[in-house]
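> 3D model of this:
(3 chains)
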Amino acid sequence: MLWKNTYNEFIKILAKPRSYIGLAALTLLILIILFAMKADGRMYISFVTASFEQTLSFNGNILNGNLIAFIVLQMLIVHIPLLVALVTGDLLSGEAAMGTLRMLLTKPISRSQVVISKLIAAAVYTFILVLWMGFLALVVGRWVFGDGDLIVLNSDGLVILNYTDVLWRYGLAFMVAYLALMTIATLSIAFSAFADNSIGPIVSTMAVIILFTIIGSLDVSVFDHVKPWLFTTHMASWRSFFSDPVPWSAIWESVWILLAHNILFVAIAIFKFKRKDITS
Amino acid sequence: MKPFLFFFVLISTQFALAQDPNELVKAVRLKLEKVQDYSADIHIKAQVPMIKIDEVDAKVFYKVPNKMKVESKGIAILPKQGLGELNNFLTNEKAYTCALNGTKMLGDIKTSVVSVLPLTENSDVVLVKLWIDPLKDLILKSQITSKTNGTLDINYFYGDQAKYGLPYKMVFTIDVKKFKLPKSVAADLHQNKKKAKSEDGPQTGTIVLQMSNYRVNQGIPDAKFKN
Amino acid sequence: MEQQAIIEVKGLQKSFGSFEAVKNVSFTVNKGDVFGFLGPNGAGKSTTMRCMLSLIKPNAGDIRIFGKNLFEERNAILAKVGSIVEKPDFYKYLSALKNLEIFARISGAEVSQKAIYETLDFVGLLGREKDKVGGFSHGMRQRLGIAQTLLHQPELIILDEPTTGLDPQGIIEVRDLILRLKNEQNKTVILSSHQLAEIELVANRMVIINKGQTIIEGSVAELMNAQETLLHIELTNNSQGAATLIQEILPTVKIQVSSPKTLELNVEKQHIALLNSKLVQAGFEVVALEPKRKLEDFFIQMTQA
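The predicted structure is shown next:
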């Protein structure tokens, strides 16, 4: 029954226009970034390298596909959560608003299975979103800008990674970015279990992200104990794969914290949804 | 015998030291001017604060008067000055004047230290100091002080291509005091607390270039230097 | 022959916060019944229906369907139940066929494509199956809703206010469908309504609830016949004289003379013919003799009590 309903969920996601908003927006955003970089990428880079270039000269193809992919990832990590929440925040509450939840829950399928099948569909959707982003950023980026060493600006300076040393980092970075986006998906599903309208969970999810991000970026010591536990703190963890050496223990810590959030949010969603009186 | 020997040594030393700095530089320049073009494989090892980069292999091309190109698959970091610029600077002997600053031992070689001062006012270069091996007419060390880049030290090591004044190894010591990171971009996760500032760390970095497979005066078409 | 109980609801109670939607509802639905679940708006019908489908968890009481406890064997029970709660809602961006396929897939039975088309035919939507539900009229959605309840050949069909919002033609269609379900497919149907005519026309048994409590339960025929009928008599003149005569025949009844030509009285059905012949024999010119009290009046009386 779980897989039958998961199949249903795929049909619903595929048929819903809003599912394509994310993909279309992503495509448009990345194409705009690619265009901007093609037109004026040197300027963008010199902003970073200016102070170094008084003394040093950077030879070789700096503005390459690998850097473009990095810029794309860095720019979009703020916006993709919205695109994810747009679909995942609607999964339970959208059906409540439409009235189909009533129909669905009078079928011989347990409520936990309903949540889990929606979670699986959300996971696949998010994965496709990340995969599409990866394809546009890395494959199209390399196709347009060529291959080359990746120059990354971290807080402790520039890291220049050999082009042969980049792909595995992207592979793992996309996986961690995916986990971060799944945290958004599960959070919005948890909100979705509480709501009977589609917009509430989407707005709530974005509100939490914004709130946590602000807390995380405030340099105030009262929040120092809270920050390491905010999932938003770890959403940029994919970036650490582009440090040299890779801070594995810090990344693992992020992965565990994100995983714990995922489990927590799914548990909340199931707990609430199982006890929910369907009055819509 | 002994006093004679002493006298001989004294005379020969005096002779060496008494050289005209302009002549010293000219000898070096003439040696360098034998080179019409060259290409070489170059291995770059950069240890610069705030920049993390692996060792890189590249290919360097040079052609008189001032064409220079570095070809690398990846990103290669080189000092902005000191590769072709010094040769360039020395070529125009009317643009500078030389003064002898005594001698100094570099390893077991006694070098003549020559200060080269640019005569043109708008020159970015403020002062060039050269440590010249007067017996071989080779620059063993140079120090370029410029308005924009601070001070750059270069040590030269010679091998097969000494006859052209081309080193097999150059060690650049560069000034990194001016290095700054744009704040807004440098937001990343795990190093949040220890925002690196160049003042905290070492103030200099080194870039070691090792040249091999020199091909001197084999002719390089101008097209090579076009981007 | 002893009736087999399909649904047994006992002492059902449900509150939402401080509001007690259902206080004490009990009833039994037997196999083959078309069971009317009657009550005015806000009586607790929908809450009870939702409890029976596990959409709402009651605070107290027992619901047994097919002899099994609903909350212990929910999935096994729901696999044999087809239902519409309130109004049937569908995925508007999908076609009727896709919607039915989605619900068939999780109905607990293997539903063939052929069965889906047969069901569409049964509810009169064949030919419209490729159309998006978003463009369907309310009546069409209602029929699609009924199709959805039938896909997996359920033994029990639960319909919550199935005619709400329908135009007269739609109401007739749905009523016809319900009768066909009973007559052609021998299903047990429970339908709630605040429209009493609806129940009277299709149901054989019923329960009336009001303010969250069961008022009365029984067969529709018995409940109707057990009660007195309000008889409205119209004469050419002298209603007072007629009243005196009737009082002599039936000394216990209360007669109300409403005008010189009309009078009303509560009377048992079997006495109506007798009264008619006595009045005519006595020379009264009877224009009309209308038994007015039907289930509707009874319902109003019950729920107002």
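> tell me the phi and psi of the residue in the stretch 101-250 of chain A that chain B sits nearest to?
Per Cβ to the nearest Cβ, residue A:157 is where the stretch 101-250 of chain A lies closest to chain B, at 3.2 Å. Any C-beta I mention is one placed from the backbone N, CA and C, and that applies to glycine too. With angles defined as degrees, to the nearest 10, residue A:157 sits at phi 130, psi -170.
> Read off the pLDDT value for it.
In the prediction, the pLDDT value recorded for residue A:157 is 80.
> what about the helices in the stretch 101-250 of chain A?
In the stretch 101-250 of chain A, the segments counted as helices under DSSP state H, counting those that start in this stretch are A:111-134, A:141-145, A:167-194, A:199-217, A:248-275.
> Out of these, which gets nearest to residue B:148?
Evaluated over the helices of the stretch 101-250 of chain A, closeness to residue B:148 peaks at helix A:141-145, with 30.0 Å, by Cβ to Cβ.
> neighbouring contacts of that closest one?
Residues outside helix A:141-145 that contact it (Cβ atoms under 8 Å, 6 or more residues apart in numbering or on different chains) are A:34, A:37-38, A:41, A:61, A:63-69, A:72.
> how about low-confidence regions in chain B?
The model of chain B has pLDDT under 70 over residues B:1-19, B:82, B:84, B:181-202, B:227.
> now with 80?
B:1-19, B:64-66, B:80-93, B:121-124, B:148-150, B:175-203, B:224, B:226-227 (pLDDT under 80).
> Going along the chain, name the strands of it.
B:37-47, B:51-53, B:56-63, B:67-71, B:76-79, B:96-106, B:109-118, B:125-133, B:138-146, B:150-158, B:167-175, B:204-216 (DSSP state E).
> Now residue 37. Its backbone dihedrals?
By default, I'm working from chain A. phi -70, psi -40.
> Switch to chain C, please.
Backbone phi and psi, for residue C:37 under degrees, to the nearest 10, turn out to be phi -120, psi 100.
> same check, this time on residue A:230
Residue A:230 has phi and psi values of phi -80, psi 130 when expressed as degrees, to the nearest 10.
> distance of it from residue C:184?
Distance, residue A:230 to residue C:184, using Cβ to Cβ, to the nearest Å: 62 Å.
> Which one's more surrounded, these two?
residue A:230 (19 against 9; other Cβ atoms under 10 Å in any protein chain shown).
> now the residue nearest the centre of chain A: how far from residue A:236?
When Cα atoms, centre = their mean is applied to chain A, the residue found nearest the centroid is residue A:181 (3.2 Å). Counting by Cβ to Cβ, the gap between residue A:181 and residue A:236 amounts to 12 Å.
> sorry, back to before: for the helices of the stretch 101-250 of chain A, state which one has the densest average packing.
Compared across the helices of the stretch 101-250 of chain A, helix A:167-194 shows the largest average neighbour count, a mean of 23 (mean count of other Cβ atoms under 10 Å in any protein chain shown).
> The residue of chain B found nearest chain A: how many residues sit nearby?
With Cβ to the nearest Cβ, the shortest gap between chain B and chain A falls at residue B:50, namely 3.2 Å. By other Cβ under 10 Å, the residues close to residue B:50 number 22.
> Counting neighbours, what do you get for the closest residue to it other than its chain neighbours?
Excluding the flanking residues, the one nearest residue B:50 by Cβ to Cβ, 6 or more residues apart in numbering or on different chains is residue A:157, at 3.2 Å. Residue A:157 has 20 neighbouring residues, counting by other Cβ under 10 Å.
> I'd like to know how far residue A:157 sits from residue B:205.
11 Å.
> quick one: common contacting residues for the two?
B:49, B:51.
> and the strands of chain B, which is most packed in?
Ranked by mean neighbour count, the strands of chain B are led by strand B:76-79 with a mean of 23 (mean count of other Cβ under 10 Å).
> For that strand, report the contacting residues that lie outside it.
A:55-60, A:160, B:44, B:46, B:48, B:51, B:53, B:56, B:58, B:70, B:152, B:154, B:172, B:174, B:207, B:209.
> which stretches of the stretch 51-200 of chain C have low pLDDT?
For the stretch 51-200 of chain C, the ranges with pLDDT under 80 are C:164-166, C:170, C:195-197.
> Counting neighbours, what do you get for the residue of it found nearest chain B?
Closest residue of the stretch 51-200 of chain C to chain B, Cβ to the nearest Cβ: residue C:93 (40.2 Å). For residue C:93, the count of nearby residues is 16 (other Cβ under 10 Å).
> Same question for residue C:273.
Neighbours of residue C:273 (other Cβ under 10 Å): 10.
> cool, residue A:232 as well?
22.
> Next: the one 4 residues further on.
Under the neighbour criterion other Cβ under 10 Å, residue A:236 is assigned a count of 22.
> for residue C:214, same thing?
For residue C:214, the neighbour count with other Cβ under 10 Å is 21.
> isn't residue B:113 right up against residue B:129?
Yes: between residue B:113 and residue B:129 there is a contact at 6.4 Å, judged by Cβ atoms under 8 Å.
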